[in-house]
Structure formats: structure tokens, C-alpha cells
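**Student:** generate coordinates for the sequence data below:
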Amino acid sequence: MKKLLLILFAGLLLLAACGGEDDAAETAETNEEENNESNAENETDTPEQEEKKEVYTIGDTAVITSDLYEFDYEVTVNDFYFAEEVNGKPMEDIMSTSDDDYKLAVADVTFKNISDEAYVPHQMYSANLSAIDEDGGEISYNEFFPEADEELAPGEEVQGPLVYVERVDYADTFLLKFEFMSDEETHFELPNPEQ
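**Tutor:** Okay, the predicted model is just below:
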């Protein structure tokens, strides 16, 4: 009987030992899977790790793909300045304010149609102006740039002002954003000419 108990006890020990090895193997596999998942999460791009897009400035030309219409166009920002009026139109035509700190912020741009089809620029692009560290931004007043309401044939270009109303001291640097909130978002960094 003692032999039988000893054999049974040894068998239980053997089973426990084998079970322990399985548990250890499972624990090792679980730890390895967790490490792999952790490494995969660490390899996922965070905003700081994402490849930074090129930022353009005055005088640069950017080739941009319209996110909505899927055609290419070129934009060159020729100048950026503040003014009381543009193309004979004063700020009071679009906004009445008694605050002298507000002026028309003007980005003089050239659009070139490098696609295969004609289009009307004002109907095909978006351009927002904000402080450099802000999302969103103001949209331009199209009435200052009537040439962009006319059809632009492939290979042709048009130059004119993108006009916004801003406080002169609003920012040291402004950001002109084309195709805002799309994969094709393109930025022009514009130093405040009054600073």
C-alpha cells in the first residue's frame, strides 16, 4: 500500500512538474507576445515621430494635389503684407471696425494650372490663414481677387491677392494653409511684416 501511495504521489509530482513547465512556457509566450505588442505600439508613428512635411515660405513654389478634385496645381507666394485697401477696395467694404489694429492681411500668390483640365481657381482650392501655432484659420475674401473667378486653362497662371482681415499684432508668424485637414495639406510660413 505504501508503494502504491508512493507511486501515486510520485505521479502527482511528475504531473505537477510537467504542468509547471507548461505554465512557465505559457507565461514566457504571453510575455513575448506582450513585448511584441508593446514594440509594435512603440513603432507606430506618433505626431512627433511622423515625417514632417516641407514648409514653404515667400518666394517658394509648392506643387499641391487638390484633395477633393484630385488635380495638381502650383502655388507661389510672392509677398505678404498688411494694407488699408486692396485693388481699390477698403477693409470697410467687408468689415466695419473702429479698431485701428485691424488691417487687410494680403498674401500675393500665383496659381498655375499644371493639370490636364481647365478649372476656376476659386472653386477648386482652399486657403486658410492663421497664427503659426493655431489650427483652422480664416478663409480669404474672394472679391479682392476676381481674376481667380475666371477659367484657368492647362499651363496658364493667374496672380492676385488672397485677402484676410487680421490684427496687425496677432502673430509674429502666420501660416497660409492649402488643402486644410487633408493628406495634401501644404503650409507657407509668412513672417509678420509689421514686427
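
**Student:** okay, CA-based contacts and neighbour counts for the rest of this
**Tutor:** Noted.

**Student:** and the most centrally placed residue in the chain, what does it touch?
**Tutor:** With distances taken as C-alpha atoms, centre = their mean, Glu185 lies nearest the centre of the chain, 4.7 Å away. Contact analysis of Glu185 by C-alpha atoms under 8 Å, 6 or more residues apart in numbering lists 177-179.

**Student:** buried sites along the one helix or strand Gln123 maps to?
**Tutor:** Assessed by DSSP states H and E, Gln123 sits inside helix 121-124. In terms of neighbour count (16 or more other C-alpha atoms under 10 Å), helix 121-124 has its buried residues at 121-122.

**Student:** tell me the first helix or strand C-terminal of it.
**Tutor:** Next along the chain after helix 121-124, taking DSSP H and E as the criterion, comes strand 127-131.

**Student:** SS state for Ser182?
**Tutor:** coil (DSSP: H, G, I helix; E, B strand; the rest coil).

**Student:** do I have it right that it meets Asp67?
**Tutor:** Yes. Counting by C-alpha atoms under 8 Å, Ser182 touches Asp67, with 6.4 Å between them.

**Student:** state the mean pLDDT of the helix holding Gln123.
**Tutor:** Helix 121-124 shows a mean pLDDT of 90.
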